[in-house]
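**Q** mind looking at a prediction? Sequence and model below.
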Amino acid sequence: MKNVPQVIFASRFKASEIGLKAFEKVSRFVKPTTRMIQIFGCAATKARLEIEENQLIELLEGGELQVDMNLETGYVILELGGNRVLGLGFIVDGRVRSQLPRKEIREIMIRGPS
């Protein structure tokens, strides 16, 4: 692979940072990134909400879900069918709003998890 034109071209670039962005500050909250939650969310033991496909569609269309969970205002991990971590929702007063990237979630629903 040493003499492949694409490798030769790419070797001129200097990497300044490598890694996975894990968190960002959003208002007074620290928000985990969608990618981090999709990779490591299955290990979480709190703030998880299993949703069904019709609830996911409701969220993706801009709606909210009323949930009976004893959670403070903040982020909650959304999982589809108990085995697909999709990303995050934001819960306020027992109502969850989507923080999911719509295009990516639609692709997952069509082709399944990679």
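**A** Yep, it's here. Numbering: from 1, shown residues only.

**Q** my guess is residue 35 meets residue 20, correct?
**A** Yes: counting by C-beta atoms under 8 Å, a contact exists between residue 35 and residue 20, whose distance comes to 6.4 Å. All C-beta spots, glycine's among them, are computed from the backbone N, C-alpha and C.

**Q** hmm, residue 30 is touching residue 23, no?
**A** Yes: under the criterion of C-beta under 8 Å, residue 30 makes contact with residue 23 at 5.2 Å.

**Q** low-confidence regions, this protein specifically.
**A** 1-2, 105-114 (pLDDT under 70).

**Q** that one: helices as residue ranges?
**A** With DSSP state H as the definition, the chain shows helices at residue ranges 5-10, 34-40, 53-60, 102-111.

**Q** those: which one's closest to residue 75?
**A** helix 34-40 (8.5 Å; C-beta to C-beta).

**Q** give me the contacts around that closest one.
**A** Identification of contacts with helix 34-40 by C-beta atoms under 8 Å, 6 or more residues apart in numbering yields 20-23, 77, 85-88, 99-101, 104.

**Q** in strands, which of those residues appear?
**A** Cross-referencing the contacts of helix 34-40 against strands under DSSP state E gives 23, 77, 85-88.

**Q** dump these to TSV, plus neighbour count and distance to residue 43.
**A** What follows is the ones in strands among the contacts of helix 34-40, written out as TSV (neighbours: other C-beta atoms under 10 Å; distance: C-beta to C-beta, whole Å):
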residue	neighbour count	distance to residue 43
23	11	16
77	21	10
85	21	10
86	26	15
87	23	15
88	26	15
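
**Q** which of those sit farthest apart?
**A** Greatest spatial distance among those (C-beta to C-beta): 23 and 86, at 18.2 Å.

**Q** which ones are touching residue 30?
**A** If you count contacts by C-beta under 8 Å, 6+ apart, then residue 30 has 23-24 around it.

**Q** beta partners of it?
**A** With beta bridges defined as DSSP bridges, residue 30 has these partners: residue 25.
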